[in-house]
Structure formats: C-alpha cells, structure tokens
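Enquirer: next input, structure requested:
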Amino acid sequence: MKKKIFILIAMMVSAITMKAQTALQTSELFDNVYVGAEVGVATPLTFDHVFPLNPLATLRVGKQFTPVWGAEVEGTAWFGSHIHGSADARFDGLTHNVVRGSYVGVNGTINLSNLLFGYKGKPRHFEVSTVLGSGWIHTFTPNASDKANNYFGVKTGLDFAVNLGHSRTHTVNLRPSILWDVTNPSGTMPLQFDKRFAQLNVSVGYTYHFNTSNGTRYFKQYNIGEYEATIAKLNEELSKKPKEVTVEKIVTKEVVKEVIKEVPVEVPTRTVVDKSPTVVFFAKNSAVLTDEAKAALDRVKGIVTVKAYASPEGSEAYNQELSEKRAYIVSEYLIHNGVTVDEAVGCGVDGDASNRVAIVTVQ
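Expert: Prediction:
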C-alpha cells in the first residue's frame, strides 16, 4: 500500500513538472524568507478535559526553497495549567507558572495547492499546506534536575493561508495541528503515537514575507519556449546580414637594371575577414567571460564595436551598470588579442536584444 502511494505521488510530481516548459529564477540565500506569529488554544487529544482551554503563542521563521517545498523553525509556548491525569500531565507544568510548557522544533512544509494544481508565477490568494516536524517538548517542574519533563515531540498539521495584497506579502494563517509526545518510557517501541500523550493545537496568526532579490515575493517564472524563440529570432536577424569579403592584391614591379626582364609575379591574397557579428552570452548578474565566450572572441579580427545588454530583472541603474561592465570586459579581452576596439558601450535593457549578451560588430 505504501509503495502504491509513493508511486502515485511521484507520478503527480512528474506530471506537474512536465506540464509546461517553464523555469524558475535561481533562489538566493535570503530569498523567500518569512516571519510569522500566532496565538491559539490547546487541549488534550483525548477530549476528556477540553475546558478550560490553554492559550498558546507561536513564533516561526522559515524559507520557501521551491513553490512546493519549504522549511521553518518554530517555538511554541502554552500558558496556564490544569492537570488532566497521569497521561495528559506530560503537557502540564506547575500550576503557578505562567508558561506551562514549550516546544521548539523544525518543520517541513509542502504546498499542496502548487503540488496538485501547478505554480502560476505568484502565490494564490488561498493556499493549503501540510506541516510535519519534530523537536523537543519541555514542561516546567519544581525539580530542575528531573529529566522526565523533557520529551521528544512530533508535530503534524495543516496551514490554511489567505495571501493579501497585490504582491501577496501579507498572509493570514489558520493552523490546526497535533503535537505528539512520542517518547516511549517502556522501551518496547522506538516511537509511539498515542492520543493519550498528544494535544490538539488550533492557532491563527500573521506572516510577513520579505521581498526577494528579484523584487517580488516567491519565485519569478520564465517561459522557456518564449526565451528560445527570442534567441532564434536574434540568430535569424544576424544570419540575414551579408558577409563582406575583402581581397587585397599586391603587385610588385621588377627593377630595370642593365637588362629588362619580365618576371612572373605571384599575387598573394589577404586572409578573408568574416564581418558577421559575434554574440557573447553571459550568466545572470555576471560580467565574467565563459570559456565559450572566449573561444568566440578569439576568432574576431579587425576593427570592431562592442554593444552589451542586460536582461529586464533589477533596477534601470543596475542594468545599465551591468551592461557597461560586460562591454568593458569584452573590449579588454579583444584589445589583449590585438583587436582594435573603436567603441564599447553598455546599452542597459533594449528590446529583443536584452538577453544578457554582448554583440561584437566588425567595421
């Protein structure tokens, strides 16, 4: 049964991945980071003693690695104290303590909305995620040396998120979850999931998502088909330009001394100069020449002009500066190879040519 479920999940992920020819912008270290705070109530999962409900508070810091997978660090404290019995007492501390117990753990998240229905380029207004994590449960007891008040916990739950605003930066969360004390004192099993040693948490809260390096929340999506079409269009335009071939003939004259004699002269020809433009591609946010770019520039001869471009991401000032750096590095490499560079300019972002390229044109 478990094997069938795993195969079904793998097929779903493969289908979603192959649904469209799209690519996501690379995520930087501090991209898609968020901070959330919640308040709620807790009660034993047995529901033998529901009231009075114990209030709780949670603080979360997390990161979304892909539109589907994420991780977060959570700290939760529940307040008040009412002993429910020997089993439920695992979540109870002193009656006079403000903080009755705490849980600190690491959770993994799966965005079910994006997993099942595909990522549309930005977060939906309403999303559902699963939460699965583990950590340490601590209850406060009079004897600080008593190790029985520390337990290994597992958290399972759901996150119903309502994303607000045009950029979906603000989120209101409803999070029902179960906190399991899986410590087995008898040692007969490594872990135990028993509702007698679990509590139900229900909390509501607010999450703020920080802007990423591309100026948006979440991931910027590119259509690979459109990108390839733009490259093909650029190559087609370059191929339409006529190739000029220059041949110089050098004629020598025999010096007439005492006897005038006609000497056959071989006419050398100059090496053919290919004046078709050379296109050099750069990586995102980079002005470093790749090995392929250097190989293409090694074939350039004569007097040239260099025009460099940046892609639309980033501010206008940043794109202009990046294109100038690309023009400079290309011209320096050509000059080192003995090529005369008449002009080297950075053009920032300029229409269809804006594909992180530098174009070298022979005069």
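Enquirer: buried sites along stretch 325-343?
Expert: 325, 326, 327, 328, 329, 330, 331, 333, 334, 339, 341 (16 or more other CB atoms under 10 Å). Quick note: C-beta positions are derived from backbone N, CA and C, even for glycine.
Enquirer: quick check on the last one: phi, psi?
Expert: It refers to residue 341. For residue 341, the backbone dihedrals (degrees, to the nearest 10) come out as phi -100, psi 110.
Enquirer: contact partners for it?
Expert: Applying CB atoms under 8 Å, 6 or more residues apart in numbering, one finds that residue 341 lies in contact with 303, 304, 305, 306, 331, 334, 335.
Enquirer: same question for the third one.
Expert: With contacts taken as CB under 8 Å, 6+ apart, residue 327 has the following neighbours: 306, 307, 308, 344, 345, 346, 358.
Enquirer: pull out the buried members of these.
Expert: Among the contacts of residue 327, the ones that count as buried by 16+ other CB under 10 Å are 306, 307, 308, 344, 346, 358.
Enquirer: lowest pLDDT pick from these?
Expert: The lowest pLDDT within the buried ones among the contacts of residue 327 belongs to residue 346, which sits at 87.
Enquirer: isn't it right up against residue 329?
Expert: No: assessed by CB atoms under 8 Å, residue 346 is found out of contact with residue 329, at 10.7 Å.
Enquirer: is the nearest residue to residue 302 once chain neighbours are set aside bridged to anything, and to what?
Expert: Of all residues beyond its chain neighbours, the one nearest residue 302 is residue 362 (4.9 Å), with distances taken as CB to CB, 6 or more residues apart in numbering. Note on residue 362: beta-bridge partners by DSSP bridges are residue 304.
Enquirer: sorry, back to before: just put the buried ones among the contacts of residue 327 in a markdown table and tack on distance to residue 28 and secondary structure.
Expert: Conversion of those to a markdown table gives the following (distance: CB to CB, whole Å; DSSP: H, G, I helix; E, B strand; the rest coil):
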| residue | distance to residue 28 | secondary structure |
| --- | --- | --- |
| 306 | 29 | strand |
| 307 | 29 | strand |
| 308 | 24 | strand |
| 344 | 30 | strand |
| 346 | 24 | strand |
| 358 | 25 | strand |
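Enquirer: for the contacts of residue 327, which two are the farthest from each other?
Expert: Spatially, the most separated pair among these is 345 and 358, at 10.2 Å (CB to CB).
Enquirer: residues in contact with stretch 65-76?
Expert: Taking CB under 8 Å, 6+ apart as the criterion, the residues outside stretch 65-76 that touch it are 24, 27, 32, 34, 56-64, 102-111, 114-115, 119, 129, 133, 135, 155, 179, 201, 218-219.
Enquirer: which of the helices or strands spans the closest residue to residue 127 other than its chain neighbours?
Expert: Counting by CB to CB, 6+ apart, the nearest residue to residue 127 once its immediate chain neighbours are dropped is residue 113, at 4.3 Å. Assigned by DSSP states H and E, residue 113 belongs to helix 112-117.
Enquirer: could I have the CA atoms of the strand or helix carrying residue 70 written out in CSV?
Expert: Using DSSP H and E, residue 70 maps to strand 69-79. Once side chains and other backbone atoms are set aside, the C-alpha atoms of strand 69-79 remain, and they are given as CSV (Å, rounded to 0.1, in the frame of the first residue of the first chain):
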residue,chain,number,x,y,z
TRP,A,69,8.9,22.6,-0.6
GLY,A,70,9.8,24.8,2.5
ALA,A,71,11.2,24.6,6.0
GLU,A,72,10.8,26.6,9.2
VAL,A,73,11.9,26.8,12.8
GLU,A,74,9.1,27.1,15.3
GLY,A,75,9.0,28.0,19.0
THR,A,76,5.7,27.5,20.9
ALA,A,77,4.7,28.1,24.5
TRP,A,78,1.4,27.3,26.2
PHE,A,79,0.2,29.1,29.3
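Enquirer: now do the buried residues in that strand.
Expert: Using 16+ other CB under 10 Å as the test for burial, strand 69-79 gives 70, 72, 74, 76, 77, 78.
Enquirer: just those now: which is nearest residue 288?
Expert: Taking CB to CB as the measure, residue 288 lies nearest residue 70 of the buried residues of strand 69-79, at 31.6 Å.
Enquirer: bridging residues for that closest one?
Expert: Bridge pairing for residue 70 (DSSP bridges) gives the partners residue 64, residue 109.
Enquirer: circling back: what do residue 345 and residue 358 both touch?
Expert: With contacts defined as CB under 8 Å, 6+ apart, the residues adjacent to both residue 345 and residue 358 are 306, 307, 308, 327.
Enquirer: how about the last one, secondary structure?
Expert: Three-state secondary structure (criterion: DSSP: H, G, I helix; E, B strand; the rest coil) places residue 327 in helix.
Enquirer: the closest residue to it other than its chain neighbours: what's it in contact with?
Expert: Distances taken as CB to CB, 6+ apart place residue 308 nearest to residue 327, at 3.8 Å, with adjacent residues excluded. Residue 308 sits next to 323-327, 330, 344-347, 357-359 when contact means CB under 8 Å, 6+ apart.
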